Structure formats: C-alpha cells, structure tokens
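**Student:** sequence plus the predicted model coming up.
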Amino acid sequence: MTIAVETQIRPFRIEIPQTDIDDLKMRLARTRYADELPPEEIAGKIEGLPVPPGWEYGVPVAYVRERVEHWRESFDWRKEEARLNEYPQFTTEIDGQEIHFVHVRSSEPDATPLILTHGWPNMFTEYLGLVGPLTDPRADGEESAVAFDVVIPSIPGFGFSGPTRASGWNAARTAAAWAELMRRLGYERYGTHGNDAGAIVGPILGELDREHVIGTHVNQIFAFPKGEPGEFDGLTQEEFGYLQFGQAFVEHAIHDRSQANQPQTLAHALADSPSGQLAWIGQLLGDAVPMDDLLTIASLFWFTNTAASSARFYFENRAWFATHQGERQGEVTTFPIGLASFAYDFRPIRRFAERDHSNIVHWNEYDRGGHWAAHDATDLLIGDIREFFRKVR
C-alpha cells in the first residue's frame, strides 16, 4: 500500500548552507547600532514599568552589541546544529503546511504521549532541556509511571515549520494540526503542555480533541476581568497586585500590538538585519535565556526567514478571537487543566480562571522562575508536569 505523500512523516536534519552562515557573519560585521539617550537621561525618570533599569525606552545598545559580537566572533553554529541534530526530527504536511517536530519515544512501554507547544519568540528549542528527564524519569530517581513520549512541534510559521504560505494559521488551526499530528503518530490518548502561545494552543486543543486529550498543562491561564458587576469583590491585595502586573505587562508589550496589527511592516527590517532580529526577540527573552540559547533562537529565525510568518500568528489570532468572541461568550472548557504559575510571570486570578475552565484539577504557584520557566526553572516545570499527569493519566 502506498502512503499518500501529504501524510508521510519524513526524517529531517538541520543543514544550513555555508553561504548562509557566511552571509550572516558579514551582516553582523557591518552592524550599524542605533542611537540612544545617555544613561543619566534615563535613570529614574520613568517609573512603574515592568522592565529592568536601562530598558525603559526598549532594548539597550549595550545588550545588543554584546550579543552581536558574541554571535559574530564566538558562537559556533555548526556545533549548535550538531547538538540540535542529536534529537530525532521529522516533517510532515498537515492542512497544506509543512510541520517540523522533534519526536523522542521513551524506553518505558507505558509512557504517556505528551505534545509541548512553545511560545514567541521562542522555538522548539524551548523544551529540549526537558526531553531527557521526561522520557527517562528513572535517571532522576522517579518511577516509570511519569515517563513520556515527547513531541515538540514548531508552530506553523516558526523556524522549519515556516514560512506559512496561506492566511489563517491561528491558535485554533494550529491546535487542529496538532490533533492530526498525534493521530498520525498513532497516539490514541495524549497530554499537552504549553507556555506563552502554547498556553493558548493547549486549551483549544484540549477542548477540540477532548476525546483523546487526557489533560492540558500550562504556565499561564489567560482569564481576564470582563467588566461585570462585583467581579473584583473579595479579591486579596495579592490578587490585585497580579492584575496590576498583568496590565503593566500588556501595556508595555510592544510585540503584541505591532504584530497583531501590522506584522509585515516590522518584518522588512527583521528580514534584512540580524542585529535587529536579535534585539526584537531579546526584548522579551532578555536574560532569562542563556546567551548561546538566545543566539540559537535568533539564528533559527534568521536562517529560515520566519520573522514575518511568526509575527502573522499574532495577527491571525487577533482576527480569529474577534470573529469568535460572540459565539464563545460564556463558553466554559470541560477537560482537565493544570497550572504551573511562576513568580516573575503573568499570574492569573483563580476566580476568573474557574469562570472559564470548569475542570481545573491542579494549581501550583512558585516563588521563582519567569515567563520562560523551561529555561530558568526547569526543575520546577518538570516536577509540575509529572505531578499533574499523575493525577489525570
């Protein structure tokens, strides 16, 4: 029996042409750095922003210069490419789009299939540090019951799942593609985890494919006030602090507004300037991600020319949520959902989360870790994923 080409799963290796690497080095050597105000004109003059000192106007030149010089002089892409190729990678076509993913099976026969969805401006690399512990829990002294088969796809439009060639690749269409991917891999029952954009895709996938999804674990539950009478009554001072932090983050998140409204405009600069690409992703990744990991992410965006298509994910989501807002009014999810909330991240109010999700079975708040917990609180995230799936598998 011949398998249709569009459903085939093909092995994939990263093999960036040397001419592309040479071109990147040349562009980095010719970087023209932006002008900025002197430090004394910035320090202490703008208060209340959720950014480190010196970042009040945006990403500082010193941050970019240090990373550009390291990228050009010390960062070894071929070494990093070889490291990434140690993980088994594949591609397949779903809904007309090439989908790239890492797939690592556990040696444990009863391992739980788990699909992990990264965020922006991250890549599939966000979760590579979790692969070993999740697939081989015995190495951590854990029982085999918390072993996972790990699937880490690249969101359509990101890296080797891009660029997208059609409109409409939003979180809901991505969730549908993930359901098909897990079916194509032969998994009848599976779990999901997501952070950032993945924390939007995950719950949609849980509801869309609840016949097969055993539970959805996320780092954020995006449940907000709706302006209803009395919805703030009885909130604690700590919960009001969460609301204020979330509001400040949203107001200062320039990537949300620009990419949701005009993703193509900024993409012209990012496609032509690697230092600009680095600064754009650095404004959200900051120092939470080690420098070489940041440069790997920047290199993946650069070599695949997916600044524009990854930004379109925001535009497509804005359009989709606007279209479906009325019909989703009052809609409550029913699948099991679990939250790992980290100290320096958007933290949801449980009252609003339970308004939107009727089956929250797991809720942990941690006193360290940030928005990129897979990088800066890896142990906590792994432990929380294990704890949640012990409850639902």
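**Tutor:** All right, it came through fine.

**Student:** so what touches the one helix or strand Glu180 maps to?
**Tutor:** Following DSSP states H and E, the helix or strand that holds Glu180 is helix 171-184. Residues from elsewhere that reach helix 171-184, judged by CB atoms under 8 Å, 6 or more residues apart in numbering: 7, 9, 92, 94-95, 97, 99, 101, 113, 115, 117, 151, 153, 155-156, 190, 192, 197, 200-202, 204-205, 208-209, 212, 313, 316-317, 320, 324. Placement of C-beta: from N, CA and C, glycine included.

**Student:** that helix: which residues count as buried?
**Tutor:** Ala171, Ala172, Arg173, Thr174, Ala175, Ala176, Ala177, Trp178, Ala179, Glu180, Leu181, Met182 (16 or more other CB atoms under 10 Å).

**Student:** pull the longest strand from this protein.
**Tutor:** strand 97-104 (DSSP state E).

**Student:** could you give the angle of that strand to helix 171-184?
**Tutor:** Here the directions of strand 97-104 and helix 171-184 differ by 50 degrees (axes from the mean of the first three to the mean of the last three CA atoms, to 10 degrees).

**Student:** can you pull out the low-pLDDT segments for this protein?
**Tutor:** Along the chain, segments meeting pLDDT under 70 span 1-5, 44-45, 48, 251-252, 325-330.

**Student:** quick one: the strands in the stretch 201-350 of the chain?
**Tutor:** 213-218, 337-341 (DSSP state E, counting those that start in this stretch).

**Student:** give me the distance from the shortest one to the chain's centre.
**Tutor:** What it means is strand 337-341. A distance of 15 Å separates the centroid of the chain from that of strand 337-341, by CA atoms, centre = their mean, to the nearest Å.

**Student:** tell me the helix or strand right after that strand.
**Tutor:** helix 350-356.

**Student:** strands paired with the helix or strand following that following helix, and their directions?
**Tutor:** Following helix 350-356 in sequence order, the next helix or strand is strand 360-365 (DSSP H and E). Strand 360-365 has the following sheet partners, assigned by DSSP bridges: strand 337-341 (parallel).

**Student:** other residues contacting the strand it pairs with?
**Tutor:** Residues outside strand 337-341 that contact it (CB under 8 Å, 6+ apart) are 203, 206, 215-221, 347-348, 353, 357, 359-366, 373, 380-381, 384-385, 388, 391-392.

**Student:** one step back: closest one of the buried residues of helix 171-184 to Ala343?
**Tutor:** Using CB to CB, Ala171 is the member of the buried residues of helix 171-184 that lies nearest Ala343, at 25.9 Å.

**Student:** what about Leu128, distance to Ala34?
**Tutor:** In this view, Leu128 and Ala34 are 32 Å apart by CB to CB, to the nearest Å.

**Student:** looking at those two, which is more packed in?
**Tutor:** Leu128 (20 against 13; other CB atoms under 10 Å).

**Student:** quickly find the element holding the more buried one.
**Tutor:** Residue-wise, Leu128 maps onto helix 128-135 under DSSP H and E.

**Student:** ok, residues contacting that helix?
**Tutor:** With contact meaning CB under 8 Å, 6+ apart, helix 128-135 is reached by 84, 87, 102, 104-107, 111, 114, 116, 139-140, 147-150, 152, 374-375, 378, 381-382, 385.

**Student:** buried residues in that helix, which are they?
**Tutor:** Leu128, Leu130, Val131, Pro133, Leu134, Thr135.

**Student:** report the angle between that helix and strand 97-104.
**Tutor:** For helix 128-135 against strand 97-104, the angle by the same axes, to 10 degrees is 50 degrees.

**Student:** how far off centre is the next helix or strand after helix 128-135?
**Tutor:** Next helix or strand after helix 128-135 toward the C-terminus (DSSP H and E): strand 148-153. Distance of strand 148-153 from the chain centroid (CA atoms, centre = their mean) equals 15 Å.

**Student:** stretch 58-70 too?
**Tutor:** Distance, centroid of stretch 58-70 to centroid of chain: 23 Å (CA atoms, centre = their mean).

**Student:** ok, now stretch 372-383?
**Tutor:** 13 Å.

**Student:** with only the CA atoms kept, save that stretch in PDB.
**Tutor:** Taking C-alpha atoms only, stretch 372-383 is exported to PDB below (Å, rounded to 0.1, in the frame of the first residue of the first chain):
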ATOM      1  CA  TRP A 372      10.400  31.200  30.200                       C
ATOM      2  CA  ALA A 373      10.300  28.600  33.000                       C
ATOM      3  CA  ALA A 374      11.600  25.800  30.800                       C
ATOM      4  CA  HIS A 375      14.900  27.800  30.800                       C
ATOM      5  CA  ASP A 376      15.100  29.300  34.200                       C
ATOM      6  CA  ALA A 377      13.100  27.000  36.400                       C
ATOM      7  CA  THR A 378      13.500  23.700  34.500                       C
ATOM      8  CA  ASP A 379      13.400  21.500  37.600                       C
ATOM      9  CA  LEU A 380      10.100  23.100  38.900                       C
ATOM     10  CA  LEU A 381       8.400  22.800  35.500                       C
ATOM     11  CA  ILE A 382       9.400  19.100  35.100                       C
ATOM     12  CA  GLY A 383       8.200  18.300  38.600                       C
END
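
**Student:** who touches that stretch?
**Tutor:** With CB under 8 Å, 6+ apart as the test, stretch 372-383 has contacts from 119, 122, 126-127, 129-130, 133-134, 140, 195, 219, 285, 288-290, 293, 340, 342, 345, 366, 368-370.

**Student:** now, of the residues you listed, which are buried?
**Tutor:** Neighbour counting by 16+ other CB under 10 Å classes 119, 122, 126-127, 130, 133-134, 195, 219, 285, 288-289, 293, 340, 342, 345, 366, 369-370 among the contacts of stretch 372-383 as buried.

**Student:** contact partners for Thr216?
**Tutor:** Thr216 touches Gly191, Thr192, His193, Gly194, Gly202, Pro203, Leu205, Gly206, Phe335, Pro336, Ile337, Gly338, counting by CB under 8 Å, 6+ apart.
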